[in-house]
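J.: Sharing a sequence plus its predicted fold:
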Amino acid sequence: MDKAAAGQGVAARLRGVIRADRIMTDPVMTYAYSGDASHYRLEPAVVVIVNTEDEVRAVIAAARAEKLPLTFRAAGTSLSGPGDHRMACWRCWATGGGSLPCIRGPGSG
């Protein structure tokens, strides 16, 4: 799988559904989102900041169509283990690698 092409494909599928300023494929921005407080770094092909369940569904559908696995990130989550269930917002990363799903409604706690 060409991870970069799949990331671009996800971004293209999400245009018109999610604002363009919340979809990032630029290598500088994806690198900025590739780490956490641990020593792990997993550079995403695309970073999508979503605010609603419908946007989450759109990201899942786009990633599935491009065969690009997802890692969900939010407040309290990390690349080294399961996420905290109290999320302030969603961060969906299409990584091209394994996934660490953490699905919970925005703003719940």
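T.: Ah, there it is. Bear in mind that the values here come from a model prediction, so they are computed numbers and not experimental data.
J.: how about the helix or strand containing Gly7: buried residues?
T.: Using DSSP states H and E, Gly7 maps to helix 3-14. If you call a residue buried by 16 or more other Cβ atoms under 10 Å, then helix 3-14 has these buried ones: Lys3, Ala6, Gly7, Gly9, Val10, Ala11, Arg13, Leu14. C-beta coordinates here come from the backbone N, C-alpha and C atoms, glycine included.
J.: Turn those into CSV, including distance to Ser38.
T.: As requested, the buried residues of helix 3-14 are exported to CSV (distance: Cβ to Cβ, whole Å):
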residue, distance to Ser38
Lys3, 22
Ala6, 25
Gly7, 23
Gly9, 29
Val10, 25
Ala11, 27
Arg13, 31
Leu14, 28
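J.: if we can go back for a sec, tell me the helix or strand right after the helix holding Gly7.
T.: That would be, after helix 3-14 and using DSSP H and E, strand 23-24.
J.: Could you name the helices and strands sitting against that following strand?
T.: strand 46-48 (3 or more Cβ pairs under 8 Å, 6 or more residues apart in numbering; DSSP states H and E).
J.: avg pLDDT for the strand it packs on?
T.: Averaged over strand 46-48, pLDDT sits at 90.
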